[in-house]
Structure formats: structure tokens, C-alpha cells
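Trainee: I'll drop the sequence and a predicted model, then ask my questions.
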Amino acid sequence: MNIDAQTDLGIARAVEPSSFSSSSLRRWLVRLSRFALAALFLFTAGAKLAIVKAFAANVSELLAASGFNPSRWAWPTTVAVITAEVITALLLLFSRTVRIGALIAAFLLIGFAGYALYYVYALHGEPLECGCFGGILASQLGIKTALRNLVLLIPALVIIFGHQRQRLP
């Protein structure tokens, strides 16, 4: 056999389905989901910080529509949302806290989706730019926002049910 044939043979063996175990595929999928969600939450927190006054104004409108005192709760809610996103991202980055980070991510995504639906359909709120991605991506509260957040729940569930803690020898 020549070198090319041996190389081709080696590559063929490397990509055979039997060479990939389901556990390595699961680990790869969990790792991809983990870092993608962490990047997403860091990105959204940074984008909100870039337009923090406009985001606080949006939060204020949402709070007023929900019956809360916007002058009292706008800034604490704004800070809480951004802080929760940063903490969630950090928890997803460290292997010891991956599952708790995914649980918090799932909670946030469900909460954001639920509030978007509540605002539009229960409160009959006017279309409002949520500022979810800062000024980078336009996004109004409603069914699209809720569906996007529910789709993003899939990687969180992959992490929650797929992550296995490494055992010490």
C-alpha cells in the first residue's frame, strides 16, 4: 500500500460510525450547548449594558403595565435581569456548576417567554421593543419572543439531562 492509501484508510477508520460512541456524542452536544448558552447570556447582558438606560425604560413600561410602581422597581429589575444573565453564563462555564447554570437558564428562558405572552395576551400591551438583545437585534414582546426563548430551552435541557459529573479515580 502506498502512503496515500494508508492515509485514506486511516481517515476512513476515523470517521466510521462505530468509532463514535454515544457517550462522546452526548458529551460533545452537552459541551456545545453549554458554551453556546453561556455565550448567549453574556452577549445579551453586554448588549443590555450598552443601552442600559433604554433597557431600563422598557422595563419601566413593562412594570407599569403589570401594575408595579415603575419608578421604584425599574432599576432594581434591570440590574437583576442583567446580573442573572451574567451569573448564569458563569455557572455554565465551570464544570462543577454546569447543571445549576442550566437550571437557572431554563428558569430565565421560561420566565421571559411566559412574561412575553402574559404582557401581550393577558395585559393586551402595546407592541414594545423588549431590548432583549440590546440595540443589536430588534425584538418585540410577543409570540416570536416566547417561541425563541422556548427554542433556546432545548440546549438547557440537553445540559440538564446530558451532563455527567466526572468521577475522581
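Mentor: Arrived safely, thanks for sending.
Trainee: what is the least confident helix or strand in this protein?
Mentor: None of the helices or strands of the chain scores lower by mean pLDDT, DSSP states H and E than helix 3-14, at a mean of 45.
Trainee: can you tell me the helix or strand for residue 82?
Mentor: helix 70-93 (DSSP states H and E).
Trainee: need phi/psi at residue 51.
Mentor: Here is the backbone geometry of residue 51 (degrees, to the nearest 10): phi -130, psi 40.
Trainee: next, count neighbours for it.
Mentor: Residues lying near residue 51 (other Cβ atoms under 10 Å) number 16. Placement of C-beta: from N, CA and C, glycine included.
Trainee: which residues sit in contact with the residue nearest the centre of the chain?
Mentor: Geometric centre of the chain, nearest residue: residue 37, 4.2 Å, by Cα atoms, centre = their mean. Counting by Cβ atoms under 8 Å, 6 or more residues apart in numbering, residue 37 touches 88-89, 92, 101-102, 105, 152, 155-156, 159.
Trainee: now intersect those with the helices, please.
Mentor: Among the contacts of residue 37, the residues falling in helices (DSSP state H) are 88-89, 92, 101-102, 105, 152, 155-156, 159.
Trainee: from the contacts of residue 37, which is closest to residue 81?
Mentor: residue 88 (10.7 Å; Cβ to Cβ).
Trainee: how close does that closest one sit to residue 60?
Mentor: To residue 60, residue 88 is 23 Å away according to Cβ to Cβ, to the nearest Å.
Trainee: over to residue 145?
Mentor: 18 Å.
Trainee: please identify the buried residues of stretch 40-57?
Mentor: In terms of neighbour count (16 or more other Cβ atoms under 10 Å), stretch 40-57 has its buried residues at 40-48, 51, 55-57.
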